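# would you be able to build a 3D model of this:
(chains A, B, C and D)
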Number of protein chains: 2
Amino acid sequence: MPALKITAVRKAMKDEAKRAGAGKPVGRAQTKAQGGVKRSRIQTRNRKLILDAALEVFSAHGFRGSTLDQIATEAGLSKPNIIYYFDGKEEIHVTLLNQLMETWLDPLEQLKPAGEPLDEILAYVRRKLDMAQAYPRESRLFANEILQGAPRMAPHLEARLKPLVDEKAALIQSWIDAGRIAPVEPRHLIFSIWATTQHYADFEAQVNVLMPEGGIFPGAAAYLEMMFRRMLTV
Amino acid sequence: MPALKITAVRKAMKDEAKRAGAGKPVGRAQTKAQGGVKRSRIQTRNRKLILDAALEVFSAHGFRGSTLDQIATEAGLSKPNIIYYFDGKEEIHVTLLNQLMETWLDPLEQLKPAGEPLDEILAYVRRKLDMAQAYPRESRLFANEILQGAPRMAPHLEARLKPLVDEKAALIQSWIDAGRIAPVEPRHLIFSIWATTQHYADFEAQVNVLMPEGGIFPGAAAYLEMMFRRMLTV
DNA sequence: TCGTCAATTTACCAAATGGTAAAAAACGCG
DNA sequence: CGCGTTTTTTACCATTTGGTAAATTGACGA
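Numbering: from 1, shown residues only, chains lettered A, B, ... in the order given. Alright, predicted model coming up:
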């Protein structure tokens, strides 16, 4: 029973320290990206090494399926050294997710009112598919998180994704109202773009079984362009 | 070091026993669905309880994110009692996956040469969407497994899914050759049907953030029917 | 109703895992 | 170069977790 108590106390102290913003005497490296967090060359390099390794591991096995040892090995660092740079497994994951969200939003942000509506949307499909091809690990990391109910991402979804989707859905609706594309529910349209493009990254294992010949992306691009073109042409 | 050795020996003995097909003296319940495995009323009931609980837990947290204790609690049984019915966590998971595969294949199996091609395909979309709505846990269990690279399912994918997809892709191609639907790559068509329908189950957490109003499925059904109708109409 | 086999519980264990403490090593600046 | 600071390593620890052994209870047919 004493062991339990000691742990509880230690944990409480740690939480306290966190709340007070008082870092450990050694290793102020883990203070997150708040104000100006001047990072040394070594810190920059190693944080990147760790995040790269974590992306590899988390995207392949999910959060709970990944271990610090795996990440450490992949990064070529020792486990305690990883804890020196990040407060723990969870913080690495959250950092990755936060970074990812911006990258993920980017293609949709580029959907602009200027230009021909159909071309704009098809270009968006294209960007999304390119993204799935270029960053399959990021796509799977994201998919994993959402599949588990977005436990560490719900706030971000609400704060960053929702406003953007609201904005772009309104834009698409305005195109519809102007009779420039066929009438469809904008949000379902967006969902179908996400689903079809990300499928090639997230379900790669299945796709590879069913279409063994390498290079599915050219065919996918042609198929999706045709699909959305036909659907949206007035 | 001796501890390690003992474990190794114990493990080896267990593997041996498995290979030889010699079950434990007590509990022949875990012999899998081979020949006639007459199961008592209690066995039938408890295996079902366990599989139901495991579906709930595995679909929510993934394989590695789930614990036997969670499954036991959910099933209302004790952990050792669970091990009495299944050889271990892995066997529960595999059993679930195998069962699931049949259910999952069913809607595609119903795609038949008779009838109007467009109606056949739209009915397939409908069945898939109904399935996502009625069995979201199954959909997520499957998605989880594929996301992780299908480690426990690759053989099944190859043996059951691939032949079926080959067959139905050929059927769709024959419809195209006969000029009865618009020409599209049959496999990409199938992928897009899977992706768009399962999206509503697998990414439910995200969908719920972006479309707070309950009952997205009616809208999804209308949208998807329109989408595939427009794409496939000659 | 009684004995036997099936089912369940109790009490464990070893390994894996996230994390820590403290000493050693490397860095870099005056 | 010398010395304080940062970074890394070594040696641990507590908890969690999958799984087991053995004793106990329960079901059910002769």
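
# contacts and neighbour counts: CA atoms only from here.
Fine.

# contacts for stretch A:130-149 next, please.
Contact with stretch A:130-149 is made by A:55-56, A:58-60, A:62, A:97, A:100, A:151-153, A:197-198, A:200-202, A:217, B:60-62, B:140, B:144, B:147, B:202-206, as judged by Cα atoms under 8 Å, 6 or more residues apart in numbering or on different chains.

# among these, which lie within helices?
If you go by DSSP state H, the contacts of stretch A:130-149 have A:55-56, A:58-60, A:97, A:100, A:197-198, A:200-202, A:217, B:60-61, B:140, B:144, B:147, B:202, B:204-206 in helices.

# show me how to select, in ChimeraX, the buried members of the residues you listed.
Here is the ChimeraX command that selects the buried residues among the ones in helices among the contacts of stretch A:130-149 (16 or more other Cα atoms under 10 Å in any protein chain shown):
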select /A:55,56,58,59,60,97,197,198,200,201,202 /B:60,61,140,144,147,202,204,205,206
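
# which residue ranges make up the domains of chain A?
A:37-86, A:93-232 (automatic domain parsing).

# who wins for proximity to residue B:85 among these?
Residue B:85 sits nearest to domain A:37-86 of all the domains of chain A, at 24.9 Å, using Cα to Cα.

# now the closest one: average pLDDT?
The average pLDDT for domain A:37-86 rounds to 94.

# and that domain with DNA strand D, contact?
Yes: with Cα under 7 Å from any atom of the strand as the measure, domain A:37-86 is seen reaching DNA strand D through A:40-43, A:46, A:77-81, A:84.

# distance from that domain to the middle of the chain?
Relative to its chain's centre, domain A:37-86 lies at 17 Å (Cα atoms, centre = their mean, to the nearest Å).

# look up how far residue B:48 lies from the residue nearest in space to the middle of chain A.
What sits nearest the mean C-alpha location of chain A, by Cα atoms, centre = their mean, is residue A:100, with 3.6 Å. Residue A:100 sits 40 Å away from residue B:48, going by Cα to Cα, to the nearest Å.

# ok, which stretches of chain A are helices?
Counting by DSSP H, the helices of chain A are A:2-20, A:41-61, A:68-75, A:79-85, A:89-109, A:117-134, A:136-147, A:154-156, A:162-177, A:186-202, A:204-210, A:217-232.

# the last one vs helix B:186-202, what angle?
It refers to helix A:217-232. Between the axes of helix A:217-232 and helix B:186-202, defined by axes from the mean of the first three to the mean of the last three Cα atoms, to 10 degrees, the angle is 70 degrees.

# helix A:217-232: which residues count as buried?
Quick answer for helix A:217-232 (16+ other Cα under 10 Å): A:220-221, A:223-225, A:227-232.

# pLDDT weak spots in chain A?
Applying pLDDT under 70 to chain A flags the ranges A:1-38.

# ok, and the closest non-adjacent residue to residue A:109?
residue A:164 (7.4 Å; Cα to Cα, 6 or more residues apart in numbering or on different chains).

# neighbours of the nearest residue to residue A:70 once chain neighbours are set aside, just the number please.
Counting by Cα to Cα, 6+ apart, residue A:70 lies nearest to residue A:57, which is 7.0 Å off, once chain neighbours are set aside. By other Cα atoms under 10 Å in any protein chain shown, the residues close to residue A:57 number 22.

# neighbours of the residue lying closest to residue A:46 once chain neighbours are set aside, just the number please.
Leaving aside its sequence neighbours, residue A:46 sits nearest to residue A:85 (Cα to Cα, 6+ apart; 7.9 Å). Close neighbours of residue A:85, defined as other Cα under 10 Å, add up to 20.

# so what touches stretch A:105-112?
Stretch A:105-112 has contacts (Cα under 8 Å, 6+ apart) with A:120-121, A:124, A:127-128, A:161, A:164, A:168.

# what is the nearest of those residues to DNA strand D?
residue A:161 (31.1 Å; Cα to the nearest atom of the strand).

# list the contacts of the closest one.
Going by Cα under 8 Å, 6+ apart, residue A:161 touches residue A:105.

# which bits of chain A sit near DNA strand C?
Counting by Cα under 7 Å from any atom of the strand, chain A sits next to DNA strand C at A:10, A:14, A:41-42, A:64, A:66-69, A:79-80, A:83, A:87-90.

# quick one: residue A:158 and residue A:186, what's the gap?
Relative to residue A:186, and taking Cα to Cα, residue A:158 is found at 18 Å.

# and residue A:88, by the same measure?
Computed as Cα to Cα, the residue A:88 to residue A:186 distance reads 40 Å.

# those two - which one has more neighbours?
Comparing residue A:88 with residue A:186 by neighbour count (other Cα under 10 Å), the higher total belongs to residue A:186, at 20 against 14.

# which non-adjacent residue is nearest that one?
Here the nearest residue to residue A:186 in space, its sequence neighbours aside, is residue A:169; by Cα to Cα, 6+ apart that works out to 5.2 Å.

# that neighbour reaches residue A:188, doesn't it?
No: with contacts counted by Cα atoms under 8 Å, residue A:169 stays clear of residue A:188, the gap being 9.5 Å.

# settle it for me: which of these two has more neighbours?
More neighbours surround residue A:188 than the other of residue A:169 and residue A:188, with 21 against 18 (other Cα under 10 Å).

# quick one: the more buried one and residue B:223 touch, right?
Yes: under the criterion of Cα under 8 Å, residue A:188 makes contact with residue B:223 at 6.8 Å.

# filter the residues of domain A:37-86 next to DNA strand D down to the buried ones.
Buried residues within the residues of domain A:37-86 next to DNA strand D, counting neighbours by 16+ other Cα under 10 Å: A:46, A:79.

# of the residues of domain A:37-86 next to DNA strand D, just say which sits nearest to residue B:211.
Nearest to residue B:211, judged by Cα to Cα, of these is residue A:46 at 40.1 Å.
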